[in-house]
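>>> Here is a sequence together with a model predicted from it:
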Amino acid sequence: MKKVAILISGSGSNMVTLAQSMTGDHPARPCVVLSNRPDAGGLDKARALGIPTVVVDHTDYKGDRATFDAAVMAALDPYAPDVVALAGFMRILTPEFIAHYAGKMLNIHPSLLPKYKGLHTHQRAIDAGDAEAGCTVHEVTAELDGGPILAQARVAIDAGDTADSLAAKILPLEHQIYPETLRAFIEKP
Ligand code: GAR
């Protein structure tokens with residue numbers, strides 16, 4: 001059985017759908033949920049699902065990314081994860097961290113990559129006059145939001161859409177493609 005560590009910063013809705021997908025004949029189980037925010041809503045949801053939780057509070061590291069990332073690695077490695085799934089984890093990772101989990105790390109990003117890396121993706125799609133928006137699951141490499149794309153889902157941007165209304169349309173698609181893609185990633189030969 002493979003083990004999946006899930007990293008969150010917020011409400012953890014993607015984490016919940018990933019965790020709930022890993023039952024029955026699924027080849028993996030969640031081993032730990034780690035948050036960089038002690039108040040992340042997803043922590044209680046993980047506990048309710050019976051998943052061990054860990055907090056590594058980035059504010060304790062005062063901008064020292066290398067030491068923060070080392071602390072995250074030290075917290076994750078006792079769980080020996082086969083896959084690290086970023087699920088709304090809002091920290092930029094160092095090359096050292098990414099190399100440590102090379103070939104094992106996935107991310108979900110709320111845009112149709114390669115468009116709109118970084119933040120405020122839905123507003124940027126609206127401001128650009130795009131006809132559609134969406135979400136992407138990709139492998140994590142040293143380039144921010146730049147690794148190989150594994151899956152995408154798209155929705156039309158309608159007149160009157162706001163960043164919030166687009167997010168509300170796209171989040172259910174995230175919940176669909178991320179569990180599917182995680183399973184395919186783990187099952188690939
Ligand atoms: C999701 O929309 C995810 O795509 C996005 O944060 C949200 C987390 O929601 N991720 C990023 O923006 C990564 N740069 P959740 O905590 O409910 O899963």
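Arrived safely, thanks for sending. Numbering: from 1, shown residues only.
>>> Going by C-alpha atoms from here, please, whenever you check contacts or count neighbours.
Will do.
>>> Any buried residues in the lengthiest helix in the chain, and which?
Ranked by residue count under DSSP state H, the longest helix found in the chain is helix 163-187. By neighbour count with 16 or more other CA atoms under 10 Å, helix 163-187 contains the buried residues 163, 166-167, 169-170, 173-175, 177-179, 181-183, 186.
>>> what residues does that helix touch?
Residues outside helix 163-187 that contact it (CA atoms under 8 Å, 6 or more residues apart in numbering): 2, 13-14, 17-18, 21, 26-28, 106, 108, 110, 122-123, 126, 133-137, 150-155, 157.
>>> Just the buried subset of those, please.
13-14, 17-18, 21, 28, 106, 108, 110, 122-123, 126, 133-137, 150-154, 157.
>>> just the residues you listed that are near the ligand?
Restricting the buried ones among the contacts of helix 163-187 to those near the ligand by CA under 6 Å from any ligand atom leaves 13, 14, 108, 110.
>>> could you pull out the strands for the protein?
Secondary structure of the chain (DSSP state E): strands at 2-8, 28-35, 53-55, 83-86, 105-109, 132-139, 149-156.
>>> can those strands go into TSV with extra columns for mean pLDDT?
As requested, the strands of the chain are arranged in TSV below (pLDDT from 0 to 100):
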stretch	mean pLDDT
strand 2-8	98
strand 28-35	98
strand 53-55	98
strand 83-86	98
strand 105-109	98
strand 132-139	98
strand 149-156	98
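>>> out of these, nearest to residue 75?
strand 53-55 (7.3 Å; CA to CA).
>>> Farthest from the middle of the protein: give me that residue.
residue 159 (29.0 Å; CA atoms, centre = their mean).
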